[in-house]
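My questions are about this predicted structure, shown below with the sequence.
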Amino acid sequence: MDIEKWLRDLGLEQYAQAFAANDIDMSLLGQLTDVDLKELGVQSLGHRKRILAAAAGALTAAAQLPPQTSADNEVPADERRQVTILFADLCGYTMLSRSLDPEDLRALIGRYTALVDGIVLAYGGTIDKHIGDAVMALFGAPRSHETDTLRAARAALDIHDGLARLAAQTGRPLQAHIGIASGEVIAGALGRADAQDYTVHGDPVNLAARLVAAAAAGETWISDDAARTLGDAASCEAIGERRFKGIDTPVRAWRLVALGSEPVRTSRSRFVGREAELEQFHGILHACMARRAGHVVHVRGEAGIGKTRLVDEMRRHAQARGFTLHRSLVLDFGVGKGQDPVGTIIGSLLGLPAGASSEARQAAAAQVATQGIVKAEQIVFLHDFLDLPQAAEWQTIYEAMDHGARKRGKQALAVRLTEDACAHAATLIVVEDLHWADSEVIGYLSAFASGIANGTGLLVTTSRVEGDPIDAGWRARCRDTPFATIDLGPLRKDEALSLAGNFIDATQRVALACIERAGGNPLFLEQLLRNAEEGSGGNVPASIRSLVLARMDRLAPRDRLAFQAAAVIGQRFDLALLRELVDDPGYVCDGLLVNALVLPEGEDFLFAHALIQESAYSTLLRARRRELHLRAAEWFAQSDVTLHAQHLDRAEDEHAPHAYLGAAAAQRAAHRFEAALRLAERGIEIAQSDADRHALSCCKGELQRDLGDIAGSIVTYRTALAAATDDAARCDCQLGLAEGLRVSEGLDEALGLLAQAQKIAERDNRLAELASLHHLRGNILFPLGKIDACSAEHERGLGYARRLGLPEAEARALGGLADAAYAQGRMRTAFHHFSECVAMSREHGFGRIEVANLSMQGFSRIYLNDAGQAREDASAAARAAELIGQPRAQLLGETLGVFACQELGDAQAASKHLVQEMRVIRQLGARRFEAQNLEMQGRLLLDEGCRSEAVVALREALAISREVGTQFSGPKALSALSRAVDDNGERTRLLAEGEALLRLGAVGHNHLWFYRDAVEAMLGAGDPAGMLHYVDALEAYTQREPLPWSELFAARGRALALALRAPLSEATRHELLRLREALQQAGFRNYVSAVEAALAA
């Protein structure tokens, strides 16, 4: 109902124009006093009493009605909301009841509640209930505003002031005590037999009730959350911590003393960034002063993006250049008399401070009239601006004017006053938050813009993009004044780091997490950092939630429902799924787009900010969240196993852990190991059954091994083994733990675990586990030099794999057989098996097996005299292994690169591989490979003639090899050192020790490299008999399966021994020439020089 109809219903429509002229609407009825009505021209005492009584009745009735949303009359759905609760209780009720007649008491209480209700409603609050002489009010439900706590605080102070006036009128000592608390509540309908009441439940309600009971007459006590939200806008006295009934922990309370004249500003931290925007403003400022031509600067951006902070910097720079500031804010509420933005600027242009007395205003008006700044006929408009009574001769004329005439006259006056200000001094007019402005304010803004056009003046305005009223029409009206728009985007990463440093160490993980969540929004970042300081960094700050709620409450019911449902899907959402969740096949996101809550992203939509999505999500009750997540999980069940699991998790469904297991397996199959590990770990966190926990733990251990975290994998499997509840679980854990120990040199423990696992697997006929077990044991026996046993294990594993039709296990077994052949020096067979393994892996998509065996294919290829292709294999294998995150395979690839490049005499390339290899060695803790790495470093140094440095490296390699086991690379380390030492006795001892180790058993490459090194050592010592001894040993070792590599180096050794023993015969010369060509063709250039020296002798 509008005020005119209300007065007409009372039969008092003659006062409608006076009410409208003084901006009195229905929300202000409860604040009207008898004196106010006299000022409005209601001279009849009877009329005044009728208006006051009707106002009290109307407001009381309105307060008792269910609150309505802005979009319809339905009671809002149940949801979580950030609200501020206000309890106002009349003091001395008992004394009043004893001294007043019941009818008089009822009338007085009616006026009291009408007063409180009117103030609450005027500030956008809702009356929840009347409890005797107490009023419970809500700010933030069912409609939220960005400043709900400030509104509640202003309402509290106005209630105290209003009661003081009411006490003066009634002659009764009337005071109230008030309690205010902020926090999260459950808001929604509470059913009765005959109605549905909208109300809230939660801790803030209880706290506000306790605070009002503790406050003395005339006091307002507020909670700590409310005080923090008010910040610098409020003057509060600390009460300290108090204990209240029904609240477990002590509560910090504050006494509200006063509020500032402006709403809370977004930040008080150090200004950072925005260099480009400030540079643009500096250019405008300079042009304005140089040309004495005004300029409009319009700063736009989303809430909290830093518009006010930037304008503050602009103001500071302008004032430093001599500009006089005139500043106002467009408020969304709480505009008192003389505090409207236009009136504030007009007063400031006249030199009047805020709240100037009527005498000061009268003097200012007289001064500009005397000075001729305004014409005589404009005085009436000036008096209107300054809220001064019109002179008798102008009163009738002014009242006779229509609204359009008054508006044009006042705008012309605004232009004239602005022109005069710019003529006398450089003038800066700042008007912020135009998104709250009505068309009248925007009209006056164009007057200010016109007024600065031909003077040294700047008009700086701010607005959100959503609701920006500065359109093409407004700009056309101000076309004589240059106009610049500055659109603010998010802070850059370095700027956000600088801002974070104002609060906490910006390098801390919590600070970096806040920066990531804030997405470049300075307000969001500051609030998140404050939350982090207070120990609640994981939650969306109340200030941000209130801001989002305010925007959400402006949505139509259909859009509001969709907005909350979209938040369940995630920051990016698909329209088809959203339609499914809201049961609305025709829904489109236009309402969300118009309100800048979401953005189009291809065929999908994206929340405008992650914290908007989190805030919307936080409003949903648990039951509604679970319902929506279950429906989303069903939607994704066939298309996205990860989202399926995550939605089941959010729905708190018992099947979520098992779904996470499937999702982790899918990610692992796609080589996304980090993502898979996160899924497995989340599954473990929420697992309730032993079966789920065991399966996910084994999955986690396997993924840690994939990622090279061998130590972590071992810990995971040990923990799982200790917690295993049956033999089947123990068998799985023993296999997984043995795999980790194989890599980290715990070979003896690994073999013991496999023996235990084999008993369980054979007893329970677990063939798949037996296939894996035999393959794993074969891999462990390989570096121990027990090659025949290694081969037998892989043959058993291959049999189980083919019996079960398991191509993956078959490929692994082929790789194991190839390893065994490699260890026996049967490199042709090894190459055949490795090639078969790689081909099968490619056919079936076993990328990890392919990558792991591609390097070994290259190693065996070297002994077929194809080191060049082996080098290509090394690069491909290392690159693929790094790409899919398989560090052990990467280690083998880098090692192959070292071997191949050293064989080819490419010391520079070999050195690069050595560096990469050592990095992975340290990641894995693979000491066997560290020994071999040092050995290869020594070989390169020896090739470069750095014998003493080579000796140091080779001795260190030998020491590590003796520490971790010599079967893997000990003999060839000894033979390399024999080439580097000068002492014949030591050389002999080193070679004798190496031969002894070979007899004990060692990996095949040791035999090949040892005998070739020994030939070189004897060549260096000038011992042809020794050379022939080791040539014979090399040929004997490869007799079962001759190799091109061994045949070439045996022939080379024999020919050089003959050349050393006697002058070259023609046959020997021809043989050396053939060998030189063969060595060059194979790329073994390090071994060509000795042949050429023999030919030249």
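Now that the structure is in, tell me what you want to look at.

Which neighbouring elements make contact with the host helix or strand of residue 137?
According to DSSP states H and E, residue 137 maps onto strand 134-139. Contact analysis of strand 134-139 by 3 or more CB pairs under 8 Å, 6 or more residues apart in numbering; DSSP states H and E lists strand 79-90, helix 102-122, strand 126-131, helix 148-170, helix 203-214 as its packing neighbours. Backbone N, C-alpha and C define where each C-beta goes, glycine included.

quick one: that strand to strand 79-90, angle?
On the basis of axes from the mean of the first three to the mean of the last three CA atoms, to 10 degrees, strand 134-139 is oriented at 150 degrees to strand 79-90.

Please name the strands paired to strand 134-139 in the sheet, noting orientation.
Looking at strand 134-139 with DSSP bridges, its partner strands are strand 79-90 (antiparallel), strand 126-131 (antiparallel).

These: which one's closest to residue 942?
strand 79-90 (73.4 Å; CB to CB).

quick one on the thing from earlier: the strand holding residue 137: which residues count as buried?
Applying a neighbour-count criterion of 16 or more other CB atoms under 10 Å, one finds 134-139 buried in strand 134-139.

Could you dump those residues into a markdown table and include pLDDT and distance to residue 1062?
Putting those into a markdown table (pLDDT from 0 to 100; distance: CB to CB, whole Å) gives the following:
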| residue | pLDDT | distance to residue 1062 |
| --- | --- | --- |
| 134 | 89 | 122 |
| 135 | 93 | 121 |
| 136 | 93 | 117 |
| 137 | 94 | 116 |
| 138 | 93 | 112 |
| 139 | 93 | 110 |
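
Least confident secondary structure element in the protein?
When each helix and strand of the chain is scored by mean pLDDT, DSSP states H and E, helix 522-533 comes last, with a mean of 59.

burial count for residue 487?
If you count neighbours by other CB atoms under 10 Å, residue 487 ends up with 11.

And for residue 677?
Neighbours around residue 677, by other CB under 10 Å: 22.

and it, what does it touch?
Residues counted as contacts of residue 677 (CB atoms under 8 Å, 6 or more residues apart in numbering) are 664, 700, 703-704, 707.

Return the per-residue confidence for the residue lying closest to residue 1037 once chain neighbours are set aside.
Setting aside the residues directly before and after it, residue 1037 is nearest to residue 1007 in space (CB to CB, 6 or more residues apart in numbering), at 4.8 Å. As predicted, residue 1007 sits at a pLDDT of 95.

same deal with the one 4 residues further on?
Among the per-residue scores, residue 1011 holds a pLDDT of 97.

same for the helix or strand harbouring it, what does it pack against?
Assigned by DSSP H and E, residue 1011 belongs to helix 1004-1021. Other elements packing on helix 1004-1021 under the criterion 3+ CB pairs under 8 Å, 6+ apart are helix 807-823, helix 970-980, helix 984-1000, helix 1024-1037, helix 1044-1061.

can you give me the end-to-end distance of stretch 720-732?
Using CA to CA, to the nearest Å, the end-to-end distance of stretch 720-732 comes out at 9 Å.

same check, this time on stretch 28-47
Taking CA to CA, stretch 28-47 runs 18 Å from one end to the other.

And for stretch 548-567?
Stretch 548-567 has an end-to-end distance of 12 Å (CA to CA).

Among the contacts of residue 677, which ones are in helices?
The helices, defined by DSSP state H, take in 664, 700, 703-704 from the contacts of residue 677.

nearest to residue 675, of these?
Using CB to CB, residue 664 is the member of the ones in helices among the contacts of residue 677 that sits closest to residue 675, with 8.4 Å.

Pull the contacting residues for that closest one.
Counting by CB under 8 Å, 6+ apart, residue 664 touches 676-677, 679-680, 683, 696, 699, 703.

What's the separation between it and residue 695?
As for residue 664, its distance to residue 695 is 10 Å (criterion: CB to CB, to the nearest Å).

Please parse the chain into its domains.
According to automatic domain parsing, the chain comprises the domains 1-64, 74-259, 275-489, 494-617, 926-1021, 1024-1097.

any idea which strand is longest in this protein?
The longest strand of the chain (DSSP state E) is strand 176-191.

hmm, back to that, which residues sit against the strand holding residue 137?
Outside strand 134-139, the residues that touch it by CB under 8 Å, 6+ apart are 83-90, 113, 116-117, 120, 123-130, 145, 148-149, 151-152, 155, 200, 205, 208, 212.

so how far is that strand off the chain centroid?
For strand 134-139, the separation from the chain centroid amounts to 37 Å (computed by CA atoms, centre = their mean, to the nearest Å).

what does stretch 682-694 give?
Per CA atoms, centre = their mean, the centroid offset for stretch 682-694 relative to its chain is 26 Å.

what's the span of it, first residue to last?
13 Å.

could you give me the average pLDDT of it?
93.

Which positions in it come out as buried?
For stretch 682-694, by 16+ other CB under 10 Å, it's 682-684, 686-687, 692-694.
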